[in-house]
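Visitor: Coordinates for the following, if possible.
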Amino acid sequence: MIGSTNSVAQVAATRQRTQKGTDMTATTGLVIALVALAGWFVLTWNRLVELRNRWRNAFAQIDVQLKRRHDLVPNLVETARAYLAHERGTLEAVVQARGLATQARAAAAADPSDARGLSRLDAAEAGLAGSLGRLMVLAEAYPELKADRTMSELTEELTSTENRIGFARQAFNDAVMTYNTARESLPANIVATVGGFGQAALLASTRSPAERAAPSVSF
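Guide: As a prediction, this is how the structure comes out:
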């Protein structure tokens, strides 16, 4: 009878040890899973932060080049004014367009993730490009202005700046596409939603080919 009781106790003890081992294994597995999940979350978060910083930096490069163009415009207008005093409307249109573009650039730089701000910037830059294009076409009819050394240098500088803006714009859009693709892909979109990684807007050119080419007139 005693032997039978001992056997039951041993079986019970064995079952208890087995249950403890099973529970420990389950707990260990859960801990490992949670650690792996946390590690993936951190890595994904850091990747999204990196990509977000890249497109923000890319916009900063656009901002630098746009400011460069905006700074050239007053000198260009003043040089042309000496020869085109009677073309007051054209010159004032350039000045006004430059002011609107400067304001739009400042607003977009303050929050480059704002799609409406980028849209307004694109529209303002299109307006500036158009007014500059009309000024350049007008200047073609004045040999003295065409021969002016300052005007020639400013025009060359403007053309160079236009090219830099084009490259910077492409780099920005590429960075935005990479970021948006990463934040929308499964399962990274879970981290993007939790972390508030919003969609970035492309800076799509609204200028016509003629307007884009207009400031590139050579003297």
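
Visitor: which regions of the chain lie under the pLDDT threshold?
Guide: 1-23, 26, 205-219 (pLDDT under 70).

Visitor: which helices and strands does the lengthiest helix in the chain pack with?
Guide: Secondary structure of the chain per DSSP state H: the longest helix is helix 2-81. Where contact means 3 or more Cβ pairs under 8 Å, 6 or more residues apart in numbering; DSSP states H and E, helix 2-81 is packed against helix 88-110, helix 115-139, helix 149-184, helix 188-195. Every residue, glycine included, has its C-beta placed from N, CA and C.

Visitor: Now do the longest one against helix 2-81, angle only.
Guide: Which is helix 149-184. 160 degrees (axes from the mean of the first three to the mean of the last three Cα atoms, to 10 degrees).

Visitor: before we move on, what about the second one?
Guide: Put simply, helix 115-139 runs at 20 degrees to helix 2-81, going by the same axes, to 10 degrees.

Visitor: Tell me which residues of helix 115-139 come out buried.
Guide: Neighbour counts over helix 115-139 (16 or more other Cβ atoms under 10 Å) mark 117-122, 124-136, 139 as buried.

Visitor: for stretch 181-198, same thing?
Guide: By 16+ other Cβ under 10 Å, the buried positions in stretch 181-198 come out as A182, R183, A188, V191, A192, F197.

Visitor: who's in contact with that stretch?
Guide: F41, T44, W45, R47, L48, L51, R52, S113, Q199 (Cβ atoms under 8 Å, 6 or more residues apart in numbering).

Visitor: so how far is F172 from the residue lying closest to the second one once chain neighbours are set aside?
Guide: Here the nearest residue to T44 in space, its sequence neighbours aside, is V191; by Cβ to Cβ, 6 or more residues apart in numbering that works out to 4.4 Å. Between V191 and F172 the distance is 24 Å, computed by Cβ to Cβ, to the nearest Å.

Visitor: so who does the most centrally placed residue in the chain touch?
Guide: When Cα atoms, centre = their mean is applied to the chain, the residue found nearest the centroid is W55 (3.9 Å). The contact partners of W55, taken as Cβ under 8 Å, 6+ apart, are P112, F172, A175, V176, T178, Y179, A200.

Visitor: and Q103, what does it touch?
Guide: Here Q103 is in contact with A124 (criterion: Cβ under 8 Å, 6+ apart).

Visitor: Look up how far R120 lies from it.
Guide: 9 Å.

Visitor: And D63, by the same measure?
Guide: Taken as Cβ to Cβ, the span from D63 to R120 is 14 Å.

Visitor: follow-up on the earlier one: what's near enough to touch the residue nearest to the residue nearest to the centre of the chain when sequence neighbours are not counted?
Guide: With Cβ to Cβ, 6+ apart as the criterion, W55 has its nearest non-adjacent residue at 3.8 Å, and that residue is A175. A175 makes contact with L51, R54, W55, N57, A58 under the criterion Cβ under 8 Å, 6+ apart.
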